[in-house]
Structures are given as C-alpha cells and as structure tokens.
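K.L.:
Fold the following.
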Amino acid sequence: MYDTKDIKNYILYLRSECGLSLTLHPYGNESLISLSDLITFNIHDNPYCVYIKTFERAQKHCIERQSKVRGRCREGSFCGRCFAGVSEYVYPISNGHETVGFISVSGYRTENADSFIKRTAQTYHIPEERLCEAYQSLKVEMPPKEYIDTLVQPLCSMLELAYLRTEGVATHEEGMMGKILRYVKRYHTQNITLEDICKEFACSRSSISHSFKRSTGKSFREYLCELRIEDAKTLLRYSSLSVTEIALSVGFCDSTYFANVFKRCVGVSPSEYRKRGSK
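P.N.:
Below you'll find the model as predicted:
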C-alpha cells in the first residue's frame, strides 16, 4: 500500500493550524483512501453532523446526496450547502483519468438556518432543541474561496500523484475491503454486526475477520469501538448531551458498558474527559 504519511500530515496541518474541517470522500472501487489511515478523514466530525448521523434515515439521505455532489464535481470545485443547512467548499479528487472522489471543507453556517433546522428536525424526527444547540458549533463565516483554493489545491495534487503511482496495483481483496470499510464508517452509529457485514458483502465471517485484521491491524469490534469513541469525544467536548444520550447516539446500547470502554480507550471516564475539555 502506498505510503500516505505526507498526505495525512498535510491534512492534519490544514485542520490544526488553518482551522479547516476537511474530509475525504472516495467512491467507486478505489483503495488509496479506503485502505489507508486516510479513511480517518472520511466523516465530518463537527457536533452537528455527528448528531444528525445518529439518526439512520438522515444519515442515509446524507449518503444518497453525495451522488449529486459527484455530478457537480465534473465541473470543478464549487461552494455548496447540504440538506441540513451546512455550507461547504467541494474539490474533486482525480486519479489522473477521472474523478474518484471529493474533498469537503465544511462546518460553516448558512443563511436562513432556522428553516433548515426545523425542516430537518421534522423530516427525520430529530429533537429540534438539540439540533439547534448542535448547530451553534458550526463556524459563522466561510473564508474566501481564493484562500481555501491556495490551501486545498496542493492536497488535490498530492492525492492525484498518489493515485497515479498506485495505478493498477489494487487487488480484488483491496477493492472489497475498501467497500467494507466505507460501509462500516457510514453505519457505525447503527446496530451493525459482523454478521450484517457478511450478509451485505456475501462473505464468510472468517474471511472478513482475517481481511479486517490484515488491512486495519484491528478486529472488527475494535475498529467499530474506535469509530464510536471518536464520535463520543466530539459530543462530550461540544454538546450538552448527557453521557447516556451520547452513548446511545454513537451506537452503544448500554451507558455503563460505554463508560467502561471509553475509560479503557481514553484513560479517563466520559465525565472526566468532558470536564477537562471545558477548562
């Protein structure tokens, strides 16, 4: 697998030093992003999007809308707005021959936000008060596109070069694992099991288990818990949801079990983590 360390470091720089909420969204049978640690940047991590994706119908609609984004990417980069009222800049990712995904610089508020929040709450049966609270975590103003261009275009070039250098080396297993990892990333807040993965991709339990360990270095359960804990950390820092509400929102069925897993992974309890983040 291609060494994506430099790409990852640049994304981390854009996030930490430039304040960009940047995510990568591959599609098709690509494996460069899906089977590397770049998959970490596949999901919006602002509290508003994290909260919305805990509601299955809203999450599915978000995923379905990505096909429209893909269509617009053929015309180049653009400024858009999602169904829930989040503004973003979108940049196509090319493999040198065709568009294979897009980069999103998101997390900005939009005009008439109240109407977006109300419609989203009513359509997907999401508590409107909680949704309004989470929306406040979004940034008020979008930077000029010219400024974002200077920061993101180099990333587009880095990704295209990486695709060109790995062209033709992806195996069938890599393509399948890429699909499986994207599926888990999308639905990790839902009650998904290894059996669900087997049924979805018509593979045996042992085959997926071995491929999962070989591709990620983790078991399916470890990988799933890691995704859920990262979501929980975001909600603990930026929302006033109770620990129990957060546990249920990110996919845990029991708040006590969630607290035990969180402390084992993070080193402190959810309540202590929240206290430290508020200081």
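
K.L.:
When you work out contacts or count neighbours from here on, use the C-alpha atoms and nothing else.
P.N.:
Noted.

K.L.:
what helices or strands is the longest strand along the chain leaning on?
P.N.:
Criterion DSSP state E: the longest strand present in the chain is strand 99-108. For strand 99-108, the elements it packs on are strand 21-26, helix 56-73, strand 87-94, judged by 3 or more Cα pairs under 8 Å, 6 or more residues apart in numbering; DSSP states H and E.

K.L.:
For the helix or strand that that strand is followed by, give the mean pLDDT please.
P.N.:
Sequence-wise, the next helix or strand downstream of strand 99-108 (DSSP states H and E) is helix 113-124. The predicted model gives helix 113-124 an average pLDDT of 95.

K.L.:
How about stretch 87-97?
P.N.:
Stretch 87-97 shows a mean pLDDT of 93.

K.L.:
And for stretch 266-279?
P.N.:
Averaging pLDDT along stretch 266-279 yields 86.

K.L.:
so how far is that stretch from its chain's centroid?
P.N.:
Its chain's average C-alpha position is 23 Å from that of stretch 266-279, according to Cα atoms, centre = their mean, to the nearest Å.

K.L.:
just the CA coordinates of stretch 194-210, formatted as CSV?
P.N.:
Output of stretch 194-210 as CSV, limited to C-alpha atoms (Å, rounded to 0.1, in the frame of the first residue of the first chain):
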residue,chain,number,x,y,z
LEU,A,194,-20.1,-8.8,11.7
GLU,A,195,-23.0,-10.9,10.5
ASP,A,196,-24.5,-7.9,8.9
ILE,A,197,-21.3,-7.3,7.0
CYS,A,198,-21.2,-10.9,5.9
LYS,A,199,-24.7,-10.7,4.5
GLU,A,200,-24.1,-7.3,2.8
PHE,A,201,-21.0,-8.5,1.0
ALA,A,202,-21.7,-12.2,0.7
CYS,A,203,-18.5,-13.2,2.5
SER,A,204,-17.8,-15.7,5.3
ARG,A,205,-17.2,-14.5,8.9
SER,A,206,-13.7,-15.9,9.0
SER,A,207,-12.8,-14.3,5.6
ILE,A,208,-13.9,-10.9,6.7
SER,A,209,-12.3,-11.2,10.1
HIS,A,210,-8.9,-12.1,8.7
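
K.L.:
re the thing from before, so for residue 236, which of the helices and strands packed on strand 99-108 sits nearest?
P.N.:
Closest approach to residue 236 among the helices and strands packed on strand 99-108 is made by strand 21-26 (18.1 Å; Cα to Cα).

K.L.:
next helix or strand past the closest one?
P.N.:
Following strand 21-26 toward the C-terminus (DSSP H and E): helix 47-52.

K.L.:
Which secondary structure elements does that next one sit against?
P.N.:
helix 128-135, helix 220-238.

K.L.:
buried ones in the helix or strand that comes right after the longest one?
P.N.:
Per DSSP H and E, helix 220-238 leads on to helix 243-249 as the next helix or strand towards the C-terminus. Within helix 243-249, the residues that qualify as buried by neighbour count (16 or more other Cα atoms under 10 Å) are 243, 246-249.

K.L.:
Please apply the same query to stretch 50-58.
P.N.:
Neighbour counts using 16+ other Cα under 10 Å place 50-55, 58 of stretch 50-58 among the buried residues.
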